[in-house]
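Enquirer: sequence isn't available, so here's the structure alone:
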């Protein structure tokens, strides 16, 4: 017998309610763990694993580590098992985690705001040389990652880091990760507002605090008062962007719900202006919403961007005001367009105090421990005690007297760090890749470095700002969807029908000016060996077809598939 309209409506409502119950939102009473990650988090907080590392695992060795600690809770202290050498990309999605695991770890040093002293950088370099086979990568989240770490050495590494004010606390895991901030906070002559006090307040109040140590997934924060908008605010879970309110003066515009990976989404404005001294409270309110209302059923839908997509900014702001802040927020203006097409601070720039900061470019963030120590020594020799990392895998030396700038630049360039790099070195980023990452399918770091060399040789007079982001898998750690040329690692067929490393190509992504995701041309994939030829070909066509002052992203959006192939 056919259902009546009332029966159909009831059935539909029940289905919706069932789906709702299945999302695992704590705020509506759904505390039963719905996947393995939620189960191990319920059984024990990730922060508690440190004691076991220090008292058991470091003494008894790798084989003593509980699997839920090894591939779960240890992330809360910046530790991931790295990829076992010799496993090709075709096996990434086939092998079990224990088959991919090496007996060594990647260790992520948390650097909030990208701020380092020369003593801190020197210690990171020393740890790299003593415990990490010299490895060190500057990430696009302002951290430094080390590899080849033995569990037996972790307590000693923590002791050395903490002695100089650094840590690995919540550098990974389902928690608030590093707070990225403007690398020129407090020193840039054109700064709207210095967000450093808010970075420090959030860190001191909440990092390592169990109030927010069990979130549905990772939570990414960005704070910048720079008109350059130098923290990729559009793709963070929460971001505070410097603005001037016509009545209240300098403060921050609030953006929520950005993120990339396989379901990219740009953050949205809440339309609220927040003064500096209230920023930490607003941050905590947003994290509280994520903790309580975030989706915990499926890991691939657990990021805050999915809740924002369902709620929209108006409802999100209302819940924030009514349930968490218990007060309304002040309406505020949107930020102006970024004041520069480059947002990495590379080059020589005057500070507000008359001294200078010098930004320089490693190759795709790849450095080593010995070189980090040399950078620290070089900075100290030129009167600086402060350095910064950036979200573009670059570094800055601050507080350099005018008469010492040329000598510092010469010293950096002697270490192969360019202060006036080509657009290719300046604009190319790469994730960790198959060398160490268990999720990766292809190599990235060496490929990015060789691509820079080839493009500099082939197109020495190319001088347009350009971003080339190389990722070893679909997870977009290197922000492939927002690059002029984004390269997503995958296995492809070469001309002879052999399966080889290659990339799916995204073209014309952007942040800042006309932010959006890159265009994918059907069937457009290149092998790793073909990559220099392909990029050269596309850039030559861009120069031939572009209109006056047209950016690469704008050209790529209108260019024919033939021009982009």
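Expert: Everything's here; your move. Keep in mind it's a predicted model, so treat the numbers as computed, not measured. Residues are numbered from 1 along each chain as shown.
Enquirer: for the rest of this, base every contact and every neighbour count on C-alpha atoms.
Expert: OK.
Enquirer: can you tell me the closest non-neighbouring residue to the residue nearest the centre of the chain?
Expert: Of all residues in the chain, the one closest to the mean position by Cα atoms, centre = their mean is residue 141, 4.0 Å from it. Spatial nearest neighbour of residue 141, excluding adjacent residues (Cα to Cα, 6 or more residues apart in numbering): residue 391 at 5.2 Å.
Enquirer: so who does the one you found touch?
Expert: 139, 140, 141, 142, 180, 230, 231, 232, 344 (Cα atoms under 8 Å, 6 or more residues apart in numbering).
Enquirer: for the last one, give me phi and psi.
Expert: As for residue 344, its main-chain torsions (degrees, to the nearest 10) stand at phi -110, psi -10.
Enquirer: now residue 370: how far from residue 432?
Expert: 20 Å (Cα to Cα, to the nearest Å).
Enquirer: which of the two has more neighbours?
Expert: residue 432 (25 against 18; other Cα atoms under 10 Å).
Enquirer: contact partners for that one?
Expert: Per Cα under 8 Å, 6+ apart, neighbours of residue 432: 444, 445, 472.
Enquirer: remind me which residues of this structure are low pLDDT?
Expert: For the chain, the stretches with pLDDT under 70 are 1-21, 513.
Enquirer: swap in 80 and give it another go.
Expert: 1-22, 513-514 (pLDDT under 80).
Enquirer: just the contacts of residue 432: which are in helices?
Expert: residue 445 (DSSP state H).
Enquirer: scan the contacts of residue 432 and report the most crowded one.
Expert: residue 472 (30 neighbours).
Enquirer: separation between that one and residue 479?
Expert: The value you get for residue 472 to residue 479, if Cα to Cα is used, is 11 Å.
Enquirer: same thing with residue 305?
Expert: 16 Å.
Enquirer: ok, residue 41 next?
Expert: Taken as Cα to Cα, the span from residue 41 to residue 479 is 28 Å.
Enquirer: just the helices in the stretch 451-565 of the chain please.
Expert: All helices of the stretch 451-565 of the chain, identified by DSSP state H, counting those that start in this stretch, fall at 531-545, 552-558, 561-564.
Enquirer: closest to residue 340 out of these?
Expert: helix 552-558 (15.4 Å; Cα to Cα).
Enquirer: what is the closest one packed up against?
Expert: strand 499-507, helix 531-545 (3 or more Cα pairs under 8 Å, 6 or more residues apart in numbering; DSSP states H and E).
Enquirer: now with 7 Å?
Expert: Here helix 552-558 touches no other helix or strand, going by 3 or more Cα pairs under 7 Å, 6 or more residues apart in numbering; DSSP states H and E.
Enquirer: now that helix, how far from the centre of its chain.
Expert: 25 Å (Cα atoms, centre = their mean, to the nearest Å).
Enquirer: okay, buried residues for that helix please.
Expert: Neighbour counts using 16 or more other Cα atoms under 10 Å place 552, 553, 554, 555, 556 of helix 552-558 among the buried residues.
Enquirer: tell me the contacts of the third one?
Expert: In this structure, residue 554 makes contact with residue 508, judged by Cα atoms under 7 Å, 6 or more residues apart in numbering.
Enquirer: roughly how far does it sit from residue 562?
Expert: Noted for residue 554: a distance of 16 Å to residue 562, by Cα to Cα.
Enquirer: and which of the contacts of residue 391 is nearest to residue 449?
Expert: residue 139 (15.2 Å).
Enquirer: contacting residues for the closest one?
Expert: Counting by Cα under 7 Å, 6+ apart, residue 139 makes contact with 365, 393.
Enquirer: mind redoing it with 10 Å?
Expert: 108, 145, 364-366, 389-394, 429-432, 477-478 (Cα atoms under 10 Å, 6 or more residues apart in numbering).
Enquirer: ok, now which ones touch residue 258?
Expert: Here residue 258 is in contact with 220, 232-239, 264-268, 303-306, 308-309 (Cα under 10 Å, 6+ apart).
Enquirer: type out the PyMOL command that picks the buried ones from those residues.
Expert: Buried residues within the contacts of residue 258, by 16+ other Cα under 10 Å, are selected in PyMOL with:
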select buried, resi 220+232+233+234+235+236+237+238+239+264+265+266+267+268+303+304+305+306+308
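Enquirer: show me the contacts of residue 258 that map onto helices.
Expert: 304, 305, 306, 308, 309.
Enquirer: how much space separates the residue nearest to the last one when sequence neighbours are not counted from residue 243?
Expert: If the residues on either side of it in the chain are set aside, residue 309 comes closest to residue 257, at 7.8 Å by Cα to Cα, 6+ apart. Distance, residue 257 to residue 243, by Cα to Cα: 19 Å.
Enquirer: now do residue 119
Expert: Taken as Cα to Cα, the span from residue 119 to residue 243 is 34 Å.
Enquirer: more neighbours, these two?
Expert: Counted by other Cα under 10 Å, residue 119 and residue 243 do not tie: residue 243 has more neighbours, with 26 against 17.
Enquirer: that's all I had, so thanks and see you.
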